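Enquirer: Quick one, what's the 3D model for this:
(one chain, ligands or ions: 1)
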Amino acid sequence: MSTVRATSFGAWADEYDAWRPTYPDAAVDWLVPPGDPRVAEVGAGTGKLTDRLVERGIRPDVVEPDGRMLQLIGERHPQLATHEADISGLPLPDRSVDAVLVADAWHWFAKDDAAPEVSRVLRPGGWLGCVWNVPVLQHDWQWQALRLDPALALPRDLDPLDRLGLSTGVAEQRAFRWTWSLTPQQWRGFVSTVSHVRLLPEDECQDALAETERLVTRACSAAGTAAVPLSHDALCVRWRPSA
Ligand SMILES: C[S@@+](CC[C@H](N)C(=O)[O-])C[C@H]1O[C@@H](n2cnc3c(N)ncnc32)[C@H](O)[C@@H]1O
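Expert: Next up is the predicted model:
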């Protein structure tokens, strides 16, 4: 994965926070260990998953390399320990957490750094929990609006270890479908935070976003509604390192 893309999100932290989706309760329930777990969240961005954890009474250690994004989490949740750091050097003691949680970010990490660090900080029996919000696109216009090519879509039935890019440990996965309803402006905002669109040259990016809004406006007109649905699968993987 390109480092430029991996670290590009902070430049538009406010928009990211405004337009990116959250994660459904069922997915969070599956990812969070039972009881009163000690949790670290890595690649936390502006706190989309952090918010869900705090609602459950969890006080995660929040790790995020981009200070602009981390600041938004600190403002919203001043009670949390926030760390401007990345997965290659987690600011946590050995065997200190029951889960390391990662939302829409594991694919950006160098796995040779990430897996040993996660293994180091996990308590015995603890797990890495990853979630990705993957759009479920049913119409050609939706693929066009997101500027995605159906031919390049990842297979849904990937083995969970392959999904993580790891060859050791034990992994299991679940998908939780949920649906969001967005106006043309919200679609535009969401697409503006997707790195393959945002990192286009400025004029191409603006053209792409105008096209997204036009496609969604047409779909709304056809449906006679102000907003149209966009389904996602919250794809979740839990991984335990080899003993
Ligand atoms: C697509 S965003 C996801 C943010 C947030 N978790 C969410 O669900 O909205 C990816 C995040 O991974 C972070 N990131 C990229 N490379 C990283 C690394 N090596 N270690 C930790 N975080 C990283 C980026 O700064 C960004 O905040």
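Enquirer: Run through the strands of this protein in chain order.
Expert: Counting by DSSP state E, the chain has strands at residues 39-42, 61-63, 82-83, 97-103, 122-136, 170-182, 228-240.
Enquirer: Who are the contact partners of the one residue in the chain that gets nearest to the ligand?
Expert: For the chain, the residue closest to the ligand is G45, as judged by Cβ to the nearest ligand atom, at 2.4 Å. The C-beta positions use only the backbone N, C-alpha and C, and glycine is treated the same way. Contacts for G45 (Cβ atoms under 8 Å, 6 or more residues apart in numbering) come out as 9, 16, 20, 64, 66, 69, 103-105.
Enquirer: Could you give the backbone dihedrals for it?
Expert: When read as degrees, to the nearest 10, the backbone of G45 gives phi 60, psi -130.
Enquirer: follow-up on the earlier one: out of the strands of the chain, nearest to P150?
Expert: Set against P150 and scored by Cβ to Cβ, those come closest in strand 122-136, at 11.2 Å.
Enquirer: starting at the chain centroid, how far to the longest helix seen in the chain?
Expert: If you go by DSSP state H, the chain has its longest helix at helix 202-223. For helix 202-223, the distance from its own C-alpha centre to the chain's C-alpha centre is 24 Å (Cα atoms, centre = their mean, to the nearest Å).
Enquirer: for that helix, packing partners?
Expert: Counting contacts by 3 or more Cβ pairs under 8 Å, 6 or more residues apart in numbering; DSSP states H and E, helix 202-223 packs against helix 140-145, helix 184-192, helix 195-198, strand 228-240.
Enquirer: As TSV, these with distance to the ligand would be great.
Expert: Converted to TSV, the helices and strands packed on helix 202-223 look like this (distance: least, Cβ to the nearest ligand atom, whole Å):
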stretch	distance to the ligand
helix 140-145	19
helix 184-192	12
helix 195-198	7
strand 228-240	11
